[in-house]
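In: mind folding the following:
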Amino acid sequence: MLPDRKAFEIKLGVQLAQLDSEIGRIQAKVQHAGADALVRIHRVLDTLQRRHDAAAHHLRALEAASDEAWGGVKTGSDQAWLEIRALFKRPAPGRP
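Out: Purely as a prediction, here's the structure:
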């Protein structure tokens, strides 16, 4: 296995664990939110969960890819993480 590939797999696994933690943190806040905020929070959580599932799929694909094919899988994984990071840069529901 290529050293860059292994490092990327580890990085992706760590990022996925961090995303799991963030989703859990948001879910905990849901218990204290008002009705309007709940709708917005659930929308954000649904989007995060879909992105998480896509990132997990990319990690599995990366782990299964041949050394020759891993670059293409890496590109898809990088794009998935850019989209996840963009979600966290948006203002929180209910804030401008």
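
In: against which helices or strands is the helix or strand encompassing residue 9 packed?
Out: Element membership for residue 9, per DSSP states H and E: helix 3-30. Packing partners of helix 3-30 (3 or more CB pairs under 8 Å, 6 or more residues apart in numbering; DSSP states H and E): helix 35-64, helix 70-89. Yep, even glycine has a C-beta here, placed from its N, CA and C like the rest.

In: buried residues, the longest one. List them.
Out: To tie it back to what came earlier, the one meant is helix 35-64. By 16 or more other CB atoms under 10 Å, the buried positions in helix 35-64 come out as 41, 44-45, 48, 51-52, 54-56, 58-59, 61-62.

In: which sections of this protein are below the confidence cut-off?
Out: Scanning the chain for pLDDT under 70 picks out 1-2, 90-96.

In: what's the offset of the helix holding residue 9 from the middle of its chain?
Out: 7 Å (CA atoms, centre = their mean, to the nearest Å).

In: buried set for that helix?
Out: Buried-residue list, helix 3-30, by 16+ other CB under 10 Å: 5, 8, 9, 12, 15, 16, 19, 23, 26.

In: thanks a lot, see you next time.
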